[in-house]
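Sequence and predicted model, in that order:
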Amino acid sequence: MASKRPLRSMITTASSSQSLRPTQTSKASMVRTSACAFSSTASFRTPEHETQTADRPRWQQTPARMVAPFRIRPEAKGGVFKVNEDPRRLDEVYVRMLGPGGDKVLGDEVKWLAVTHKSFDHGRRGFNDRLAYLGRRIVELQTSQALINSPQENQWPRDANGKPQNDEFGRKPYLHPALNGLQGLSDEAEGLVLNRARLAPIAERYGLDKVTRWVPKRADNLKGSGIESVLMTSLYAIVGAVALERGGEVANKIVQDKILAPLGFSFAPDPYPRYV
């Protein structure tokens, strides 16, 4: 049955009923509620947490908010590898490597960071990759300079008078004293000097294998777990840390005396060596 109300009154009633709907109010309230829900507030820390964090240095503790409530991965096979936690033992290694006063060359935090591999504590206490990157570039530069200034094994054959002989095509090469060490700039020559098999024993000589903090894959097979690469990284990291805190001149001298000299290179003695 059709309504007997006029059309105009029905439109007026519909418009007035729509105006009474709280659509705009509900949207505004929802926006305000969402903004309040995602607002940033200061984190709450108990006095006990702040005291515990302040008493222990960074190298000695894992950040509290990075500790999982339970262990996810299974225990490593081959036993548990114990790392050094004694600062005096670490100072002895720095003195053995850098000489008297070597334990004062770097700060306490940096000394531990330079010997901490990324496998230790899942990298939560910091690791030495960036220091090793800088230190490796310094060692490579000093190695290239030492190879250029060193006599090369494969020289061009010369006759009894010292003149270069012709090759099989009758060509006589151009030789100059400034080009004698050019072969030392090749990647092969540098790779023969700076390899894991030669740098790892130097690191062991200074005792880095006793203080480097890392987690091997198997505690009963350190060589198979990559201890040579880990020790080489620690050696580079110490050089990089010295360069940042003491300057490039001191770092270059340490590379010459403590790394390249044991490998067979000779350098002019410095009457005033300065490590500290």
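Cool, the structure landed.

Please make it C-alpha for all contacts and neighbour counts, starting now.
Noted.

Tell me where this structure has helices.
7-19, 23-37, 47-55, 87-98, 108-114, 129-148, 187-193, 196-206, 208-211, 227-246, 248-254 (DSSP state H).

export these to a markdown table and tack on mean pLDDT and mean neighbour count?
Shown next, in a markdown table, are the helices of the chain (pLDDT from 0 to 100; neighbours: other CA atoms under 10 Å):
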| stretch | mean pLDDT | mean neighbour count |
| --- | --- | --- |
| helix 7-19 | 50 | 10 |
| helix 23-37 | 46 | 11 |
| helix 47-55 | 52 | 10 |
| helix 87-98 | 94 | 18 |
| helix 108-114 | 93 | 21 |
| helix 129-148 | 93 | 19 |
| helix 187-193 | 84 | 13 |
| helix 196-206 | 94 | 18 |
| helix 208-211 | 94 | 20 |
| helix 227-246 | 95 | 24 |
| helix 248-254 | 94 | 18 |
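
nearest to Arg171, of these?
helix 129-148 (25.4 Å; CA to CA).

quick one on the thing from earlier: quick one: which of the helices of the chain is nearest Phe81?
helix 208-211 (11.3 Å).

which other helices and strands contact the closest one?
Helix 208-211 is packed against helix 87-98, helix 227-246, with contacts defined by 3 or more CA pairs under 8 Å, 6 or more residues apart in numbering; DSSP states H and E.

quick one, the longest one and helix 87-98 angle?
The reference is to helix 227-246. 80 degrees (axes from the mean of the first three to the mean of the last three CA atoms, to 10 degrees).

same for helix 227-246, what does it pack against?
By 3+ CA pairs under 8 Å, 6+ apart, helix 227-246 packs against helix 108-114, helix 129-148, helix 196-206, helix 208-211, helix 248-254.

between it and helix 196-206, how big is the angle?
Counting by the same axes, to 10 degrees, helix 227-246 lies at 60 degrees to helix 196-206.

Please report how far the residue lying closest to Pro262 once chain neighbours are set aside lies from Glu109.
The shortest distance from Pro262 to any non-neighbouring residue, by CA to CA, 6 or more residues apart in numbering, is to Ile202 (7.6 Å). With distances taken as CA to CA, to the nearest Å, Ile202 is found 24 Å from Glu109.

Next: His117.
14 Å.

Phe127 now?
With distances taken as CA to CA, Phe127 is found 11 Å from Glu109.

Might you report the residue contacts of the closest residue to Arg89 other than its chain neighbours?
Excluding the flanking residues, the one nearest Arg89 by CA to CA, 6+ apart is Val211, at 7.4 Å. Neighbour list for Val211: 83-84, 89-90, 93, 115 [criterion: CA atoms under 8 Å, 6 or more residues apart in numbering].

So which of those residues is the closest to Ala160?
Val93 (52.1 Å).

Gln256 - how many residues pack around it?
By other CA atoms under 10 Å, the residues close to Gln256 number 20.

Show the pLDDT at it.
Note on Gln256: pLDDT of 93.

about what we covered before: of the helices and strands packed on helix 208-211, which is nearest Ser266?
Comparing the helices and strands packed on helix 208-211 by CA to CA, helix 87-98 comes nearest, at 17.9 Å.

Please name every helix or strand in contact with that closest one.
By 3+ CA pairs under 8 Å, 6+ apart, helix 87-98 packs against helix 196-206, helix 208-211.
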